[in-house]
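Participant: coords please:
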Amino acid sequence: ISMRKLALKREKNLIASKKKNRLGKHCQMNYSYKSVSVSSFGQSIPRNFSNGSQMSSLENRSHAKQTRQLGHWTMNRKLVLAMVGLPARGKSHIVSMILRYLRWIGFPAKRFNVGEYRRKLGYSGVEKSFFDSKNLETKKIREEILKVALNDMYQWLKSDDEAKVAILDATNTTKERRKMLVERAREERHTMI
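Facilitator: Numbers count the residues shown, from 1 in each chain. Here you go, the predicted model:
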């Protein structure tokens, strides 16, 4: 019995030491200004960029137009992800996972859910006829709600000069609506959809 207790105690200590230092005591990541190096067992392996690469050409540009994100250089571009799919198919769940990952790696990201805008504007608890494509009056209201969400989204993207990701969480099932989203993205500067 005492041998069993000793083995359990050793196992607990091993688990506690692994939790304390996830990378291990011999591996460490170092981020420097112009290179990324991984030091393992006391040896440093630098990763420098060659003179002909895109990364080296970005180093020569002004720092006002550059954003450094986790060892990679990105220009002040804005990315818009537009979700497409039928209702209740998991679009918002996927958006939540994408947002969590982007924020974890250090990119500013935000969700713009058109359904939340609809509820905030007083159209919560509407009947199913509100979403009927043949009902022109409610179609116009839905388009106005989308425009409000798009204006907020592009205003957030323009708020500063860093790379950002905005996710438009809506069904976007019609070709006309997707075409309108692409045209609006073309009007905005430094925006990709």
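Participant: Ranking helices and strands of the chain by mean pLDDT, which lands last?
Facilitator: When each helix and strand of the chain is scored by mean pLDDT, DSSP states H and E, strand 36-40 comes last, with a mean of 40.
Participant: any idea how far the nearest residue to Leu81 once chain neighbours are set aside lies from Lys5?
Facilitator: Distances taken as C-beta to C-beta, 6 or more residues apart in numbering put Ile167 closest to Leu81, at 4.6 Å, once the chain neighbours are dropped. C-beta here means a position set from N, CA and C on the backbone, and glycine is covered the same way. Here Ile167 is placed at a distance of 52 Å from Lys5 (C-beta to C-beta, to the nearest Å).
Participant: Same check on Arg100?
Facilitator: Arg100 is 41 Å from Lys5, by C-beta to C-beta.
Participant: And for Ala88?
Facilitator: When Ala88 is compared with Lys5 (using C-beta to C-beta), they lie 53 Å apart.
Participant: now Ser96
Facilitator: Computed as C-beta to C-beta, the Ser96 to Lys5 distance reads 44 Å.
Participant: higher neighbour count, those two?
Facilitator: The residue with more neighbours, out of Ser96 and Lys5, is Ser96; 14 against 9, by other C-beta atoms under 10 Å.
Participant: Check which helices and strands the strand or helix carrying that one sits against.
Facilitator: Using DSSP states H and E, Ser96 maps to helix 91-105. Contacts defined by 3 or more C-beta pairs under 8 Å, 6 or more residues apart in numbering; DSSP states H and E place helix 91-105 against strand 109-113, strand 164-169.
Participant: Follow the chain on from the last one and name the next helix or strand.
Facilitator: If I follow you right, that is strand 164-169. For strand 164-169, the following helix or strand on the C-terminal side (DSSP H and E) is helix 175-187.
Participant: Can you give me the buried ones in that following helix?
Facilitator: Residues of helix 175-187 classed as buried by neighbour count (16 or more other C-beta atoms under 10 Å): Arg177, Met180, Leu181, Arg184, Ala185.
Participant: dump the residue contacts of Leu79.
Facilitator: Neighbour list for Leu79: Ala163, Lys164, Val165, Ala166, Thr191, Met192, Ile193 [criterion: C-beta atoms under 8 Å, 6 or more residues apart in numbering].
Participant: The longest helix seen in the chain to helix 175-187, inter-axis angle?
Facilitator: Ranked by residue count, the top helix of the chain under DSSP state H comes out as helix 136-158. For helix 136-158 against helix 175-187, the angle by axes from the mean of the first three to the mean of the last three C-alpha atoms, to 10 degrees is 30 degrees.
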